[in-house]
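Participant: Output the structure for:
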Amino acid sequence: SDAHTAPSVPPALTAVAGLAAAELALRSLRIAPAQTALERAHAAAERAGIPALLAEVAEARSALDRPAALRLAAGGEQLLRLGDVAALLASDTLVVDACRRGIGSGGLWQPLARRPLLFALARALAEAWPADVSREALIATAFRTRDPDATHRARLRVEIGRLRALVAAQAQIAATARGFVLQPLAGRDVAVLAPPIAGEQAALVALLSDGAAWSTSALALALNASQRTVQRALAELEEEGRVRPIGRARTRRWLAPPLAGYTTILLLPAALPLE
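Facilitator: Next up, the predicted model:
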């Protein structure tokens, strides 16, 4: 746009604006706008002649080529880049996303981060697709018990009913002789997305990747883990610079670091060249 190419705008500011626009686009998986913004930022950084800024743009561009998720399927595992993830979520494939904790297909998105039990059931059904999953296995996954009784079986029926209602526009969940089976509508395929590496830390980073601010309790709920476990993992991630806190005590929230780690000095007009 004219605002980005006007001669009166220092090229370093244009580069920083491009980085900010790219980050917003990447957080929402809009890959084409992110690429355009990064190309604009690169050209402006070259005009500015600031090595640190060029390095930040290069680092941001490299995010597009890093593994962003692991696709789990009956045929094996496949590492996906951000562009691959965006294309998969935009397709008709029914995707159970263990990175952001939700279910999506064709642009329709059902968040389940605050309903970990339903998500656990959805993931178990999706990982077994097109086969069914036994009631005992679903109970063990959702309720963390290997000694189920009639109460667990009754609760499973209730939770499966809730999940069935949530995904009615995308799939059916049918009862079988031994359990339940996921049946996506219109002959859709099913895919499960997981963080590219395993562990609590990877799951936390994946949840924070949308750029939203999360409380410790919300993260613990989404991961179906104790707050103490999540707090330990967050402290380790903070030391590594992979998460950042804002606020204090009960108002503390957690964010992912910027995809581009440009320093605030680059935002100060006095520090920028005037040509």
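
Participant: chain center to stretch 87-100: distance?
Facilitator: Chain-centre distance of stretch 87-100: 11 Å, with Cα atoms, centre = their mean, to the nearest Å.

Participant: what comes up buried for that stretch?
Facilitator: Within stretch 87-100, the residues scored as buried using 16 or more other Cβ atoms under 10 Å are L88, L89, S91, T93, L94, V95, V96, D97, A98, C99, R100. In this view, the C-beta of every residue, glycine as well, is placed from N, C-alpha and C.

Participant: repeat for stretch 14-34
Facilitator: 14-23, 25-26, 29, 31, 34.

Participant: same deal with stretch 187-198?
Facilitator: Using 16+ other Cβ under 10 Å as the test for burial, stretch 187-198 gives R188, V190, A191, V192, L193, A194, P195, P196.

Participant: before we move on, what about stretch 202-221?
Facilitator: Buried-residue list, stretch 202-221, by 16+ other Cβ under 10 Å: 202-209, 214-216, 218-221.

Participant: Between which two of those is the distance greatest?
Facilitator: Spatial extent of the buried residues of stretch 202-221 (Cβ to Cβ) is set by the pair A202 and S215 at 19.7 Å.

Participant: coming back round to it: which one among the buried residues of stretch 14-34 gets closest to L121?
Facilitator: Checking the buried residues of stretch 14-34 one by one against L121 (Cβ to Cβ), the nearest turns out to be L29, at 25.2 Å.

Participant: Assign the closest one to helix, strand or coil.
Facilitator: Following DSSP: H, G, I helix; E, B strand; the rest coil, L29 is assigned to coil.

Participant: F180 is in contact with V133, correct?
Facilitator: Yes: counting by Cβ atoms under 8 Å, V133 touches F180, with 6.1 Å between them.

Participant: what about the two, which has more around it?
Facilitator: Neighbour count, other Cβ atoms under 10 Å: between V133 and F180, F180 has more, with 24 against 21.

Participant: packing partners for the helix or strand hosting the more buried one?
Facilitator: Under the criterion of DSSP states H and E, F180 resides in strand 179-184. If you count contacts as 3 or more Cβ pairs under 8 Å, 6 or more residues apart in numbering; DSSP states H and E, strand 179-184 packs onto helix 116-128, strand 133-134, helix 135-143, strand 171-175.

Participant: quick revisit: of all the buried residues of stretch 87-100, which comes closest to R47?
Facilitator: Nearest member of the buried residues of stretch 87-100 to R47, counting by Cβ to Cβ, is L89, at 35.5 Å.

Participant: how much space between the closest one and A122?
Facilitator: Distance, L89 to A122, by Cβ to Cβ, to the nearest Å: 15 Å.

Participant: With Q183 instead?
Facilitator: 13 Å.

Participant: Among the two, which residue is more densely surrounded?
Facilitator: Just comparing Q183 and A122: by other Cβ under 10 Å the higher neighbour count belongs to A122, 27 against 16.

Participant: Skipping adjacent residues, who's closest to the more buried one in space?
Facilitator: V96 (5.3 Å; Cβ to Cβ, 6 or more residues apart in numbering).

Participant: which is the next helix or strand following the helix or strand encompassing the one you found?
Facilitator: Per DSSP H and E, V96 falls inside strand 94-97. Per DSSP H and E, the first helix or strand lying C-terminal to strand 94-97 is strand 102-105.

Participant: per-residue confidence averaged over that next one?
Facilitator: The average pLDDT within strand 102-105 is 89.
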